[in-house]
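need the 3D shape of this:
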Amino acid sequence: MRLPKAVPALLTAAAVLLAVTACGAEPDVPAFVGGPATATAAAAAASPSASTGPSPSAVATPTGRPRPPGQTKAGLLPPVVNHGPRTGDLVALTFDADMTDDMLARLRSGTVESYANVRIIEMLERGKVPATFFLTGKWVQRYPELTRRIAGNQRFELANHTFGHQAFTSSCYNLPRIPAAGMTEDVAKTFRIIEGYGGRQTRYFRFPGLCHDRAALRALSPLGLTVVDGDVVSGDPFATDWRPIVKAVLSKVKPGSVVILHVTEANARFTDEALPHILKGLAERGLRPAPLSEVLGA
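Residues are numbered from 1 along each chain as shown. Predicted structure coming up:
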């Protein structure tokens with residue numbers, strides 16, 4: 001659905017508040033690339049208390065069930081991945097579902113009609129296109145039926161994007177910062193919320209704005225997860241046309257790429273229009289979308 005003409009101006013004013021584009025800050029730890037097994041080994045080497053264990057995807061949990069993709073050994077500094085192997089023809093389409101208190105207030109006031117772009121999900125369903133959704137807990141709570149629909153599709157994976165899209169560093173697009181003491185529980189709580197919906201659960205996590213430093217990573221070390229940034233930033237939030245989104249993706253995408261898009265409609269109004277052109281361009285380049293776990297080799 002398209003928004004009234006007055007709304008884009010309000011959205012532009014909110015742009016400085018919402019970190020829905022990739023943060024330019026460089027983390028003070030290396031961004032490991034490659035599959036989670038490789039990244040886990042690198043993280044283990046960087047951790048003072050590390051001991052290298054077997055690949056997470058090869059180990060069963062105490063219940064006998066396979067570990068979810070992205071699960072790593074708790075207590076180690078989480079690995080950070082930007083993309084998968086540059087061989088083959090797979091790419092990951094990832095969609096962030098942001099939700100902040102400010103966004104909730106705009107929904108309640110009627111200033112914004114929706115932060116859930118159902119057309120994107122319908123398009124992926126019709127085309128049987130795999131995708132991975134990085135969900136905030138507050139988005140899930142606002143759109144439980146849509147979350148259930150996503151979880152019910154075996155081509156879709158579910159991942160974690162924090163509870164309320166707060167910043168984990170001191171400077172991240174003017175987002176309100178989460179207290180250091182609350183970082184671990186914020187992410188743990190979001191995993192618990194998402195897990196209640198079943199489907200293809202993962203232990204993948206993405207920081208708001210891609211803003212993270214060693215302190216933020218250390219706070220998440222008890223959770224046994226993999227941090228996923230991405231190597232193709234679409235720039236879809238607040239875009240004024242679909243064409244720049246398509247150009248940003250197709251000019252950078254390679255085998256193994258992790259593409260960052262958004263499913264937040266009012267904050268990414270042209271993603272649904274760009275998506276068919278992106279899919280067509282990927283096919284023309286001999287690339288095909290796959291779940292994030294397959295692209296990373298989990």
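
now do the contacts for residue 96.
Shown in contact with residue 96 (Cβ atoms under 8 Å, 6 or more residues apart in numbering): 20, 134, 161, 206, 260, 261, 262, 263, 264. All C-beta spots, glycine's among them, are computed from the backbone N, C-alpha and C.

want to throw those into TSV with pLDDT?
Formatted as TSV, the contacts of residue 96 follow (pLDDT from 0 to 100):
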residue	pLDDT
20	43
134	98
161	98
206	98
260	98
261	98
262	98
263	98
264	97
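
what's the closest of the residues you listed to residue 73?
Taking Cβ to Cβ as the measure, residue 73 sits nearest to residue 206 out of those, at 20.1 Å.

three-state assignment of the nearest residue to that closest one once chain neighbours are set aside?
Using Cβ to Cβ, 6 or more residues apart in numbering and skipping the chain neighbours, the partner closest in space to residue 206 is residue 134 (4.6 Å). Secondary structure, DSSP: H, G, I helix; E, B strand; the rest coil: residue 134 is strand.

strands along the stretch 1-150 of the chain, start to end?
80-81, 90-97, 131-135 (DSSP state E, counting those that start in this stretch).

partners of the longest one, with directions?
Think strand 90-97. Sheet partners assigned to strand 90-97 using DSSP bridges are listed as strand 131-135 (parallel), strand 258-262 (parallel), strand 288-289 (parallel).

tell me the pLDDT at the closest residue to residue 235 other than its chain neighbours?
The shortest distance from residue 235 to any non-neighbouring residue, by Cβ to Cβ, 6+ apart, is to residue 248 (4.9 Å). For residue 248, the pLDDT comes out at 98.

in which helix or strand would I find residue 248?
Here residue 248 sits within helix 243-250, counting by DSSP states H and E.

for that helix, buried residues please.
245, 246, 248, 249, 250 (16 or more other Cβ atoms under 10 Å).

now stretch 156-171
The neighbour-count check on stretch 156-171 (16+ other Cβ under 10 Å) flags 156-169 as buried.

how far is that stretch from where the chain is centred?
8 Å (Cα atoms, centre = their mean, to the nearest Å).

and for stretch 76-92?
The chain centroid and the centroid of stretch 76-92 are separated by 13 Å under Cα atoms, centre = their mean.

endpoint to endpoint, it covers what distance?
One end of stretch 76-92 to the other measures 26 Å (Cα to Cα, to the nearest Å).

what's the answer for stretch 158-166, then?
Length of stretch 158-166, first residue to last, Cα to Cα: 19 Å.

gap between residue 148 and residue 194?
Distance from residue 148 to residue 194, counting by Cβ to Cβ, to the nearest Å: 11 Å.
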